[in-house]
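Asker: Sharing a model prediction with you, sequence too.
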Amino acid sequence: MNQAQSAPSPRLLPPILLLGVPGAGKGTQAKRLAQRYRIPHLSTGDIFREMAHSESELGKRVWNDMRQGNLISDDVVCQVVVERLDRDDCRGGYILDGFPRTLPQAVWLMDFLESGPRTAVRVIVIYLTVGYNDLYRRLLGRRSCPTCGRIYNDFTQPPRQAGVCDLDQSPLVQRKDDDPAVIRERLSAYEQQTLPLVEFFRGRGSLLELSGAEAVDRVTERLFAAIEQAALEPPPAGAA
């Protein structure tokens, strides 16, 4: 399957939210969705880094929190997201990856979408599920290219030459948060903070649960089909 092929949307796409534990494949799939539907992939990590280099007061707050290693408050996170969603490239739809991360953020987002200047008819929430053992292997084997950003995995998507990027031959690196001890902490934090979001969106009738444990291309095919079907359906009663 040619993942680069774009497809016209059935209409303007609703906002797409990607939920899943670290290592479920959200980043990989978000890039493919963004390319197919020609909408921006909004990663909160990227948004924070961009905002931290701005000269605005909000940017200074983000930079100070990041520099000091402080947890950025829900209030600041939501303000940063508003600034990004208000840009023109989000008018035709967008993918949120890494937001909302907490229940208060989810409640705020739905209020914003239901009553803000760009009211959403509905929201498509994709929850990628992967078993713990598969996740552990994915995270432990994950490597990335510091030059082009391409992601590999020693177990599931190895490079042609071990430890070297296929595209630019840069030595691959392992993220600090993919250390085994950090992995356990990340998964525990996810269960405590983010799993309640699954129940929140399921209760609103907005949740589509898909297995992220299959081959990457197969997951992508299923995401395309689910999103295009959901975009054509009327919103569930009481949902955005």
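Answerer: It's in. Quick caveat: nothing in here was measured; it's all calculated off a predicted structure.

Asker: now the chain, which segments are flagged as low pLDDT?
Answerer: 1-11, 116-121, 234-240 (pLDDT under 70).

Asker: Just give me the residue right at the centre of it.
Answerer: residue 97 (1.9 Å; Cα atoms, centre = their mean).

Asker: Buried ones in stretch 83-100, by neighbour count?
Answerer: 83-85, 93-100 (16 or more other Cβ atoms under 10 Å). C-betas here are computed from N, CA, C, even on glycine.

Asker: Reformat those as TSV; add secondary structure and distance to residue 107.
Answerer: Compiled in TSV, these are given as follows (DSSP: H, G, I helix; E, B strand; the rest coil; distance: Cβ to Cβ, whole Å):
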residue	secondary structure	distance to residue 107
83	helix	19
84	helix	19
85	helix	16
93	coil	22
94	coil	19
95	strand	20
96	strand	15
97	strand	19
98	coil	17
99	coil	13
100	coil	8
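
Asker: ok, so of those, who is nearest residue 45?
Answerer: residue 98 (6.3 Å; Cβ to Cβ).

Asker: got the contact list for the closest residue to the closest one other than its chain neighbours?
Answerer: By the measure of Cβ to Cβ, 6 or more residues apart in numbering, the closest residue to residue 98 outside its immediate chain neighbours is residue 44, 3.9 Å from it. Contact criterion Cβ atoms under 8 Å, 6 or more residues apart in numbering gives 77, 80-81, 96-99, 101 as the residues in contact with residue 44.

Asker: Tell me where the chain has strands.
Answerer: 16-19, 41-43, 95-97, 124-129, 142-144, 151-153, 207-211 (DSSP state E).

Asker: Can you give the distance of the fifth one from its chain's centre?
Answerer: Okay, so that is strand 142-144. For strand 142-144, the distance from its own C-alpha centre to the chain's C-alpha centre is 17 Å (Cα atoms, centre = their mean, to the nearest Å).
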